[in-house]
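> Could you work out the structure for the sequence below:
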Amino acid sequence: MNGFRNLKGTAVVAVAMAVAVACGGGGGGTTTGGATKGEIKIASELPTSGAEAASGLPGQQGVQFAVSYYMQQHSDGLKGYKLTFVPFDDAVNGVHDPQKGAQNVQQMLADPKILGMTGPFNSNVARAEIPITNQNDLVMISPANTNECLTQTFDYCNPQPSALRPKGGNNYFRVAAADTFQGPAMADFAIDTLKVTKFAVWSDNETFGKGIADNFGKEVVKKGATVVVRQDFDWKSTTDFKPFLTKAKNAGAEAVYAGATSPTKGCIPRGQSKGILDNAYYLGPDGISDTTCIKDAGDMANDKMYSTVAAADAQQNPDAASTVAAYKKAFPKKEDIAAYTFPSYDCTAIIIDAIGRAIDANGGKMPSRKQVVTAVAATKDFKGLTGVYSFDKNGDPTKPTMAFFQYKSGDWTWVKQFAVGGS
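Alright, predicted model coming up:
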C-alpha cells in the first residue's frame, strides 16, 4: 500500500504550514472541502521541551507535517473526515518522564476522536504507556523506541512483553530497529571499519541506555575484541566522568561507547575526555545523534564521533525528495530535521493509511480504535520515506534499517545505511 510521499510540495503547503506553526495550531491544515463527516485526531507523544527538544520537537513537526500535508492534498479529507493533529509533551523539567507519558495517554483516551498516536520517543516511556493503551485499544507507533524487551521475549527482560499487554493482543508497533541490532551494528562497525580492539563502555542505567550498552558489549566480545572498562551511572547525580575516563585510558581503551541519550548526559563524557582520551573514538546510539550532543562535546566534537540511527535517512531516498523538500519549506531551520523527523512522518502516514482502510471496513463510518489497531497490524509493504514497512506479530518492522552518522563540519553527517535482520 502506497503512502502519499509522491505528491508534489507547493508554496501553498509551505505557507499553510508556516501559518499553522506560527499560530501554534494543530497542523491539521485549512482545506476541509468535502471533509463533512466529522473529525478524526492523530496525536504525537514525544519529549519536546528542555534538553529533549533537539530530538523530540523535530519528530513532533514530522507528525504535524504528515497530517497537514495529507489534508492539503485531499480536498475531501480522509474518506470524508477532517484530520487534526494533537501534540503531547512527556518531558518534565526538560527530561522525558514515564509518568508524564502515562498521564498523556490517559488524556488521549478521554478524547474519542483520537484514533492513533505517534510515539513515544523513549523506551522507558513506552514501557509505562503500553499497558494503558493496550487495555483501551489505542494504536501507538514509535519512530524511535529500540529496546528489544518491548516486543521480544528474552530471559533477561523484566518485565516481559506479555506483562505489558494485560488485555492480550498487540497495539504497539515501531519502525525503528531494535537494540538487538543497533548495539551490535556499532560494535561491528567499530571493529571492522575503525579497527578498534579495546573499548570502554558506560550507560545511564536507563531501560534504553543499559540495554544497548549490554548488547554492544556482547557483540564486542563475540567478535574477539575487549571491553576493558564497563560502568553504569546514575546520570541524574553524576557530573564528573573523569575517573571513568582515566580508568579507560589506563586500560588502553581506543574508543568509548555511551549507552545514553543527550538528555541523560550522553556526550558530557566526550567533553570531559579532553586531555585524557584525546585520540579515542566516541561512539553512541541514536540518543546522541543530535545538536545537544555536539554542544556538550565542546572542543572534543570532532570526526572521531560516530552514532547509529535505528532507521534509514529519508534524505538518501530519491523517491522521498519532493516530500522532504516540502517539509524543508515548511520548517526551514537546520535544527528542524533530526534523526527521527521522517520516521515520525512515516509512523503518522501509516496510521492515516490504516484509519482509511478501517473506515472502508466499517462502511464509511468512523472506525473504533480496535479496528484501527487491526488495520495497522495488517499493514503490508507500505512505502514510506524511510523504508517499506510491514509488521511482524510483535509489532516490529520486518525489514528494519540501520544508519551510521559521523560528526563533520559542525553536524552529524550520513555515512551509510543497510538492512539488518528482520523477519
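> Next, the contact list for the residue positioned nearest the centre of the chain, please.
Nearest to the geometric centre of the chain sits residue 144, at 2.0 Å (C-alpha atoms, centre = their mean). By C-beta atoms under 8 Å, 6 or more residues apart in numbering, the residues touching residue 144 are 55, 59, 120-122, 174, 176, 286, 310-311, 339-340, 343-344. Just so you know, the C-beta spots here come from the backbone N, C-alpha and C atoms, and that holds for glycine as well.
> I'd like the distance between it and residue 358.
Going from residue 144 to residue 358 by C-beta to C-beta, to the nearest Å gives 25 Å.
> Equivalent analysis for residue 404, please.
Distance from residue 404 to residue 358, by C-beta to C-beta: 37 Å.
> Compare neighbour counts for those two and give me the winner.
residue 358 (26 against 20; other C-beta atoms under 10 Å).
> What pLDDT does the model give the more buried one?
Residue 358 carries a pLDDT score of 98 in this model.
> Which residue ranges of the protein form helices?
For the chain, applying DSSP state H gives helices covering 11-22, 53-73, 98-109, 123-135, 179-192, 207-222, 242-250, 268-272, 291-297, 321-330, 341-361, 369-377.
> who does the third one touch, helix- and strand-wise?
Using 3 or more C-beta pairs under 8 Å, 6 or more residues apart in numbering; DSSP states H and E as the contact criterion, the elements in contact with helix 98-109 are strand 38-46, strand 81-89, strand 91-92, strand 114-118, helix 123-135.
> go on, the second one?
For helix 53-73, the contact count by 3+ C-beta pairs under 8 Å, 6+ apart identifies helix 11-22, strand 38-46, strand 81-89, helix 291-297, helix 321-330, helix 341-361 as packing neighbours.
> Let me know the angle separating the longest one from helix 321-330.
By that I understand helix 341-361. 110 degrees (axes from the mean of the first three to the mean of the last three C-alpha atoms, to 10 degrees).
> With the third one instead?
Here strand 81-89 points in a direction 60 degrees away from that of helix 321-330 (the same axes, to 10 degrees).
> In strand 81-89, which residues are buried?
81-89 (16 or more other C-beta atoms under 10 Å).
> for that strand, packing partners?
Identification of packing neighbours for strand 81-89 by 3+ C-beta pairs under 8 Å, 6+ apart yields strand 38-46, helix 53-73, helix 98-109.
> got a markdown table for the ones you listed, with mean neighbour count and mean pLDDT too?
Listed next are those as a markdown table, based on neighbours: other C-beta atoms under 10 Å; pLDDT from 0 to 100:
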| stretch | mean neighbour count | mean pLDDT |
| --- | --- | --- |
| strand 38-46 | 25 | 98 |
| helix 53-73 | 26 | 97 |
| helix 98-109 | 19 | 98 |
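> Now do the contacts for the nearest residue to residue 276 once chain neighbours are set aside.
Closest residue in space to residue 276, ignoring its immediate chain neighbours: residue 245 at 4.7 Å, by C-beta to C-beta, 6 or more residues apart in numbering. Listed by C-beta under 8 Å, 6+ apart, the contact set of residue 245 reads 200, 256, 269, 272-273, 276-277.
> Quick check, pLDDT for residue 245.
Value listed for residue 245 in the pLDDT field: 98.
> Run through this protein and note the low-pLDDT ranges.
For the chain, the stretches flagged by pLDDT under 70 are 1-33, 421-423.
> at 90 instead, please
1-36, 51, 409, 419-423 (pLDDT under 90).
> how does it divide up, domain by domain?
According to automatic domain parsing, the chain comprises the domains 11-176+313-398, 179-309.
> out of the ones you listed, nearest to residue 408?
Smallest distance to residue 408 across the domains of the chain (C-beta to C-beta): 5.6 Å, for domain 179-309.
> Give me the distance between the two termini of the closest one.
Domain 179-309 stretches 11 Å from its first residue to its last (C-alpha to C-alpha, to the nearest Å).
> for that domain, the distance to its chain's centre please.
Once both centres are worked out by C-alpha atoms, centre = their mean, to the nearest Å, domain 179-309 turns out to sit 20 Å from its chain's centre.
> From residue 36, how far off is the closest residue to residue 39 other than its chain neighbours?
Nearest in space to residue 39, with sequence neighbours left out and distances taken as C-beta to C-beta, 6+ apart, is residue 82 at 5.0 Å. Computed as C-beta to C-beta, the residue 82 to residue 36 distance reads 9 Å.
> One more: residue 187?
55 Å.
> okay, the two: which has more neighbours?
Each of residue 187 and residue 36 has its neighbours counted (other C-beta under 10 Å); residue 187 has more, 27 against 11.
> Pretty sure that one sits against residue 221.
No. Residue 187 is beyond contact range of residue 221, at 9.1 Å (criterion: C-beta atoms under 8 Å).
> Surely residue 377 and residue 172 touch.
No. Checked against C-beta under 8 Å, the pair residue 377 and residue 172 is beyond contact range at 10.4 Å.
> what's the overlap in contacts for these two?
Shared contacts of residue 377 and residue 172 (C-beta under 8 Å, 6+ apart): residue 395.
> neighbour count winner among those two?
Using other C-beta under 10 Å as the criterion, residue 377 and residue 172 rank with residue 172 on top: 25 against 18.
> wait, doesn't that one sit right on residue 126?
Yes. Under the criterion of C-beta under 8 Å, residue 172 is in contact with residue 126, at a separation of 7.2 Å.
> Give me the common contacts of these two.
Shared contacts of residue 172 and residue 126, counting by C-beta under 8 Å, 6+ apart, come down to 140, 142, 150.
> and of those, the nearest to residue 231?
Closest to residue 231, out of all of those and judged by C-beta to C-beta, is residue 150, at 25.0 Å.
> and that closest one, how many neighbours does it have?
Using other C-beta under 10 Å: residue 150 sits among 27 other residues.
> The nearest residue to it once chain neighbours are set aside and residue 117, how far apart?
Computed as C-beta to C-beta, 6+ apart, the closest residue to residue 150 that is not its neighbour in sequence is residue 126, at 5.6 Å. Using C-beta to C-beta, one gets 11 Å for the distance from residue 126 to residue 117.
> what's the answer for residue 206, then?
Taken as C-beta to C-beta, the span from residue 206 to residue 117 is 22 Å.
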